[in-house]
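Novice: Structure for the following, please:
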Amino acid sequence: MTADLDLLQGTLDTLVLKTLSWGPRHGYAVARWIKNTTDGTITVEDRALYVSLHRLEERGWVKSQWGLSENNRKAKYYELTDAGRRQLRSKASEFTAYANAVFKILQTV
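Specialist: Numbering: from 1, shown residues only. Below is the predicted model:
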C-alpha cells in the first residue's frame, strides 16, 4: 500500500507542478485547471491538494504569497521555483516512461 500512496502523491505533486508552470495560482485555481484540462476525469479534493502544496513548499519547489483572487478575496498564491521547474522536468520524464510501460502491458493481447 505504501508504494501506491507514494505513486499517488508523486502523481498529484507532478500535476500541481505542471499546473504552476503556467504561472502563479491559488489552490482553487490549481484544482480547477486540473479538472478542466482533463475534461473532468481528474478531480482533486481540497485536503489532498493543500497537503500536496504544503509538501511542495517544504521541499522548496513552490513558494507562496498572499494576494487577492478574481473574486477580490484573500487567497494564497503558489508559484514554481527554479528547483520546482527542475523537479517537474525530472518527474514528467519518469512518469511518461512509467505510463508508457503500463500502456504496453494493458495493450497486450
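Novice: After the host helix or strand of Val30, which helix or strand is next?
Specialist: Secondary structure from DSSP states H and E places Val30 in helix 27-37. Remark: after helix 27-37, the chain's next helix or strand is helix 46-58, criterion DSSP H and E.
Novice: what's the average pLDDT for that following helix?
Specialist: Per-residue pLDDT over helix 46-58 has a mean of 95.
Novice: circling back: if you compare the directions of the helix holding Val30 and helix 46-58, what angle comes out?
Specialist: 110 degrees (axes from the mean of the first three to the mean of the last three C-alpha atoms, to 10 degrees).
Novice: So what touches helix 27-37?
Specialist: 15-16, 19-20, 22, 25, 42-44, 46, 49-50, 53, 69, 75-76, 78 (C-beta atoms under 8 Å, 6 or more residues apart in numbering). (Each C-beta comes from the backbone N, C-alpha and C, glycine too.)
Novice: what about 10 Å?
Specialist: 12, 15-16, 18-20, 22-23, 25-26, 41-46, 48-50, 52-53, 64, 69-71, 73, 75-78 (C-beta atoms under 10 Å, 6 or more residues apart in numbering).
Novice: Alright, that wraps it up for me.
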